[in-house]
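In: Here is a sequence with its predicted model. Questions after.
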Amino acid sequence: MAQHEPEPDPQVFDDDRVASLEAQFAAWKEQMEIDMDKQSKVQESIKLYETKNAALEDSITEYKRLLEEYKTNVADLKSLNSTITMELDNVKRSHTYELDDLRRKCQNDMQDVCDRSKRELERSRNENKDIVDKVERELKAEIDKLLKSHKDELQTLEKRLKAELEEERGKRQREKHDVQKEFDSELRAAKLEADTKERENQLLQGELTNTKSELDRERMLRNALQGQLTNATTSNLTLEASNKAMKEKIDFLESDSQAQSSAYNELHRRMEEAFAIAEAAQEKLRQEETLRRKLHNQVQELKGNIRVMCRVRPTHDSEISPAKIGFPDADTDSKEVAVQGPEKTSAMGTNITQTYAYAFDRVFSPTSQNAEVFEEISQLVQSALDGYNVCIFCYGQTGSGKTFTMSSADGMIPRATAQIYAEATRLQEKGWQYKLEGSFVEVYNETYNDLLGRSEDLDKKKIEVRHDAAKKQTTLENAVSVPLDGPDRVEEILQRADKNRTVAATKANMRSSRSHSVFILKLVGENSVTGERSEGTLNLVDLAGSERLDHSKAEGARLKETQNINKSLSCLGDVINALGSSKEGSHIPYRNSRLTYLLQYSLGGNSKTLMFVMVSPLQAHLQETITSLKFATKVHNTHIGTAKKQTKASG
Ligand SMILES: Nc1ncnc2c1ncn2[C@@H]1O[C@H](COP(=O)(O)OP(=O)(O)OP(=O)(O)O)[C@@H](O)[C@H]1O
């Protein structure tokens, strides 16, 4: 069994216990001192914390106050901000309205001035011409009539007077002769009688008185006869006076015709004046034409040098499953198109469709006609006449309506050339003479082909493209260029190009879809009156189908074609991108494809560019449609520098 040590008795204080208690006490004391020390430290800390707490509370109060102040400031700033935003919106809106008004006013003024001047000129020309013709005719007829009637009157009068005079003279002569004869015979008889009476005087004194009285009677008779002779002479004199009066009348009538000829001279003078006014009006018109060109191109520059428009073609009767394409602002601006994407299943398992919205400078819905589309581009066509390089191209997948828009019978090419021809003819009266030349080339497999050359030469004849950097003009060596001397020539050009392409096409290869065609119209104008000269180019481009073909399914010639199309279209995108992002003078990759090389001077800062993105309305083409619209949006967001007109004084 184990021995237990006895428990110490608490009442017994031996030395060991005392020592242990003392040690314990010392330890407690030490501990207490430490605790006291700690307590005083804690109390000090508490005091410190209390001081800090008070300071913190002060700070919190200060912060709260500052926060309140800050909130008030924020509220003030917010309301100031919204006021400024509102004001900014108002200013923006009013500026937009002002700009629109200014633009509209400019266009209206310009139109008014042109119309007024035209009407004025036309009216004064017609008036003058009519007045001059009428007056000339009337005067001539009047003068002829008067001269004829005067001549006739004169002749009749002369004849009558002569006859009367002759008759009167004859009558008087005869009367005189008779009287003289009578007198002579009477005198002879009287003499005889006097002789007899003389002889008888001596014999018959009484009879003498009788004879004398008879003689007196005879004398009286003679006097009477002489009186008659005097009367005849007086009447002769009267007739001569009336003859003179007649002559005076003739002179008067002749002087009247002089008055008419001075009236004619006056009219001639007025006509000269009218011609001078017409010439001044024409000069004014010429000046207004120069002003119109300036204003027109300012408006074009305001619209931007690269514009993008979208056209959705209608579905044909044979086509089913149309895509859901909407035109949200068709009733107002017509600038938006919204395409409903393919149906997808969400993470929650529900079917969803996404709508993609795009905005361009103009969107044409399927109901739009070529005439409506041309209205939008006609102003750019006008710019080509004014000396700018203009490039209009159609981009889109095969069958989206590019060729319909560009080259159909009422497409952009025939319409543009007709407008240019009409405008060039109209400008002749303002002193402009234009030389218009058209060529039509195709870029196929990175080679240029002449669509106006002989069909057997297609793919064989080599065309060289030459650039004149100073004039910013491009020439095609070895390509046929046709002078556009009448509006019908374009139909001939289109037919020839179409024939060449058809000859080149094979069953497996629809050439029109696999090549880019470029219609190039050169417009060189000279104004003999003002000495101005302008050189512009209009390029109308129908691009190859933009659909991404599956390389894996293409082989041989088809693969090469596909690669070339993809390359040239992406080069076109690169050039536009570089033009939009680069500084002046930096590198633009025109040389990377034949298409961009050809269009070099019609895509840069010196030109005005318009891209039509053509859209097929079919659900089956939806993916291509979205790709095309994305590409077009990228182009639309590009800003290209201000165009420069190719004008210089001739000589
Ligand atoms: N706006 C439209 N109105 C009526 N028909 C149209 C319109 N646009 C295109 N079409 C018709 O749609 C068809 C395809 O058009 P088009 O040949 O112009 O397409 P494309 O894009 O030029 O094709 P490809 O690249 O093969 O040349 C043609 O029959 C054309 O007449």
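Out: Thanks, I have the structure now.
In: Please tell me how far the residue nearest the centre of the chain sits from the ligand.
Out: With distances taken as Cα atoms, centre = their mean, Gln379 lies nearest the centre of the chain, 4.8 Å away. Gln379 sits at a distance of 21 Å from the ligand (criterion: Cβ to the nearest ligand atom, to the nearest Å). No exception for glycine: its C-beta is placed from N, CA and C like everyone else's.
In: Please apply the same query to Glu33.
Out: In terms of Cβ to the nearest ligand atom, Glu33 sits 103 Å off from the ligand.
In: and that residue, what element?
Out: Per DSSP states H and E, Glu33 falls inside helix 15-203.
In: Quick one: mean pLDDT over that helix.
Out: Mean pLDDT, helix 15-203: 81.
In: Counting by contacts, list what it packs against.
Out: Other helices and strands packing on helix 15-203, by 3 or more Cβ pairs under 8 Å, 6 or more residues apart in numbering; DSSP states H and E, are helix 205-303.
In: chain center to the helix or strand that comes right after the helix it packs on, what's the gap?
Out: With elements assigned by DSSP H and E, the helix or strand that comes after helix 205-303 is strand 306-312. In terms of Cα atoms, centre = their mean, to the nearest Å, the centre of strand 306-312 is found 20 Å from the chain centre.
In: on that earlier part again, distance between the helix holding Glu33 and the chain's centre?
Out: 20 Å.
In: Wait, a helix at the residue nearest to the centre of the chain?
Out: Yes. With DSSP: H, G, I helix; E, B strand; the rest coil as the criterion, Gln379 is assigned to a helix.
In: Kindly provide the distance from it to Val524.
Out: Gln379 sits 21 Å away from Val524, going by Cβ to Cβ, to the nearest Å.
In: Next: Asp16.
Out: Asp16 sits 134 Å away from Val524, going by Cβ to Cβ.
In: of the two, who's got more company?
Out: Between Asp16 and Val524, Val524 has the larger neighbour count (other Cβ atoms under 10 Å), namely 17 against 9.
In: from memory Glu446 sits against Thr596, does it?
Out: No. If you go by Cβ atoms under 8 Å, Glu446 and Thr596 don't touch, sitting 11.3 Å apart.
In: Would you mind listing the residues touching both of the two?
Out: By Cβ atoms under 8 Å, 6 or more residues apart in numbering, Glu446 and Thr596 have these common neighbours: Ser568.
In: Which one of the two is surrounded by more residues?
Out: Of the pair Glu446 and Thr596, Thr596 is the one with more neighbours under other Cβ under 10 Å, namely 21 against 16.
In: model confidence over the strand or helix carrying that one, on average?
Out: Using DSSP H and E, Thr596 sits in helix 594-598. The average of the pLDDT scores along helix 594-598 is 93.
In: With stretch 396-409 instead?
Out: Averaging pLDDT along stretch 396-409 gives 92.
In: Would you pull up the residue in the stretch 251-400 of the chain closest to the ligand?
Out: In the stretch 251-400 of the chain, the residue that lies nearest the ligand is Arg313 (3.5 Å; Cβ to the nearest ligand atom).
In: Buried residues in the helix or strand hosting Val337, which are they?
Out: If you go by DSSP H and E, Val337 is part of strand 336-345. For strand 336-345, the neighbour count (16 or more other Cβ atoms under 10 Å) marks 336-339, 341 as buried.
In: before we move on, what about stretch 563-572?
Out: Applying 16+ other Cβ under 10 Å to stretch 563-572 flags 564-566, 568-569, 571-572 as buried.
In: Stretch 280-289 now?
Out: 281-282, 285-286, 288-289.
In: Stretch 143-157 now?
Out: Quick answer for stretch 143-157 (16+ other Cβ under 10 Å): 150, 154, 157.
In: quick one: which of the residues you listed is nearest to the ligand?
Out: Closest to the ligand, out of all of these and judged by Cβ to the nearest ligand atom, is His150, at 76.1 Å.
In: Relative to Glu266, how far out is the closest one?
Out: Taking Cβ to Cβ, one finds His150 at 22 Å from Glu266.
In: Pro322 now?
Out: Applying Cβ to Cβ, the value for Pro322 to Glu266 is 76 Å.
In: Ok, Glu68 next?
Out: For Glu68, the distance to Glu266 - Cβ to Cβ - is 96 Å.
In: Repeat that for Asp100.
Out: Applying Cβ to Cβ to Asp100 and Glu266 gives a distance of 53 Å.
In: likewise Val363?
Out: Relative to Glu266, and taking Cβ to Cβ, Val363 is found at 64 Å.
In: do Ser581 as well
Out: Distance of Ser581 to Glu266, computed by Cβ to Cβ: 72 Å.
In: what do you get for Thr51?
Out: As for Thr51, its distance to Glu266 is 118 Å (criterion: Cβ to Cβ).
In: for Ala274, same thing?
Out: Ala274 is 13 Å from Glu266, by Cβ to Cβ.
In: Same drill for these two, tell me which one is more crowded.
Out: Ala274 (17 against 10).
In: Contact partners for the more buried one?
Out: Residues near Ala274 by Cβ under 8 Å, 6+ apart: 124, 127-128, 131-132.
In: In terms of distance to the ligand, which of those ranks first?
Out: Looking across the contacts of Ala274 and measuring by Cβ to the nearest ligand atom, the closest to the ligand is Ser124, at 45.3 Å.
In: Now for that closest one: which residues touch it?
Out: Taking Cβ under 8 Å, 6+ apart as the test, what Ser124 contacts is 274, 277-278, 281.
In: and it, how far is that from Lys430?
Out: Counting by Cβ to Cβ - Ser124 and Lys430 are separated by 16 Å.
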